[in-house]
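Colleague: Sequence first, then the predicted structure, then my questions.
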Amino acid sequence: MRDFRDAKAMAHTLRAALATKGLKVTISQSLELIAQAFGVADWNTLSAAIRAGAVRPGNNASPPMFPRTATLHRAFAYATERRHPYETLEHLLLALIDDVDASAVMKACKVDLGALRDKLTHYVDNDLRPRVIDNDGEPKRSAAFQRVLQRAAHYAEGRGRDWTGAELLLAIFAEAESPAARLLDEQGLTYQDAVDFIIHGTAEASSATST
């Protein structure tokens with residue numbers, strides 16, 4: 001049985017079915033109709049949900065709308081609205097500022113979220129150039145973005161939990177040459193700070209245990 005991950009195929013089927021009844025719609029219109037049928041705002045949102053579900057290996061059921069899914073929606077939207085060809089770690093980190101789990105880590109570690117948002121927004125608006133996008137006008141995830149998703153899932157699996165925005169934040173540190181990682185470093189946030197808060201629930205866990 002088809003579910004929302006088959007949305008594109010369903011849109012083509014719908015378009016063909018409507019055509020037999022003399023109703024002509026574009027593929028974009030049929031995609032929007034399918035998105036509405038699944039109860040989401042628009043095709044971009046549904047497309048992001050499909051992609052978010054695809055990163056969960058071995059999952060044959062429709063993935064639930066975890067907070068991390070909303071975060072991936074935002075990253076996708078930030079790239080799409082700017083006509084960027086790729087979703088980058090900077091789009092992701094910008095989205096993580098509003099992620100309940102990632103923002104909890106950053107706030108506990110004294111990150112100035114307003115300043116971080118301003119610098120990330122300036123970067124994606126000025127340093128990432130828009131161009132004609134392939135793949136039906138949708139940005140693709142960069143290789144670094146894909147590695148961060150896989151790394152986050154691996155981190156969470158090691159702890160026997162489902163991954164969240166906190167693991168995504170943690171995974172960005174391994175991409176040390178990325179602007180996203182450098183901006184976190186500018187804020188004084190380290191990998192160990194983030195690990196201490198995620199595991200122990202306090203940003204001062206490492207200093208407390210060493211005294």
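Modeller: Right, received. Where do you want to start?
Colleague: Low-confidence regions, the protein specifically.
Modeller: Applying pLDDT under 70 to the chain picks out residues 1-5, 38-41, 45, 48-67, 131-137, 202-211.
Colleague: Need the three-state assignment for the residue most central in space within the chain.
Modeller: The chain has Leu72 as the residue nearest its centroid, 2.2 Å off, counting by CA atoms, centre = their mean. At Leu72 the chain is in helix, as set by DSSP: H, G, I helix; E, B strand; the rest coil.
Colleague: Same check on the one 4 residues further on?
Modeller: Under the three-state scheme (three-state DSSP), Phe76 adopts helix.
Colleague: Number of residues surrounding it?
Modeller: 24 (other CB atoms under 10 Å). (C-beta placed from N, C-alpha, C; glycine too.)
Colleague: for Ala102, phi and psi?
Modeller: Phi and psi for Ala102, reported as degrees, to the nearest 10, are phi -70, psi -40.
Colleague: How far off centre is stretch 121-129?
Modeller: 18 Å (CA atoms, centre = their mean, to the nearest Å).
Colleague: Tell me how many other residues surround Met201.
Modeller: To be clear, residue 201 is Gly; Met isn't right here. Gly201: 10 neighbours (other CB under 10 Å).
Colleague: Against Val25, how distant is it?
Modeller: Going from Gly201 to Val25 by CB to CB, to the nearest Å gives 52 Å.
Colleague: thinking again about what came up before, look up how far Val25 lies from the residue nearest to the centre of the chain.
Modeller: For Leu72 relative to Val25 (CB to CB), the value is 28 Å.
Colleague: and what of Lys107?
Modeller: Per CB to CB, Lys107 is found 46 Å from Val25.
Colleague: contacting residues around Leu94?
Modeller: Applying CB atoms under 8 Å, 6 or more residues apart in numbering, we find Leu94 in contact with Arg74, Ala75, Tyr78, Arg117, Leu120, Thr121, Val124.
Colleague: Which residue ranges of this structure form helices?
Modeller: 7-20, 27-37, 43-54, 67-81, 89-96, 100-108, 113-126, 143-158, 165-172, 179-186, 191-200, 205-209 (DSSP state H).
Colleague: Restricting to C-alpha, output the fifth one in CSV.
Modeller: Output in CSV follows, covering the C-alpha atoms of helix 89-96 (Å, rounded to 0.1, in the frame of the first residue of the first chain):
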residue,chain,number,x,y,z
LEU,A,89,25.3,22.5,7.2
GLU,A,90,24.7,26.2,7.5
HIS,A,91,21.0,25.8,6.6
LEU,A,92,20.9,22.9,9.1
LEU,A,93,22.5,24.9,11.9
LEU,A,94,20.2,27.8,11.3
ALA,A,95,17.3,25.4,11.6
LEU,A,96,18.7,23.9,14.8
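Colleague: burial measure for the residue nearest to Val124 when sequence neighbours are not counted, as a count.
Modeller: Of all residues not flanking Val124 in the chain, Glu90 sits nearest, at 5.4 Å (CB to CB, 6 or more residues apart in numbering). A count of nearby residues for Glu90, using other CB under 10 Å, gives 27.
Colleague: And Ser178, by the same measure?
Modeller: 21.
Colleague: quick one, what contacts it?
Modeller: With CB under 8 Å, 6+ apart, Ser178 has these contacts: Thr88, Leu89, Glu90, Ala144, Ile172.
Colleague: Nothing else from me, thank you.
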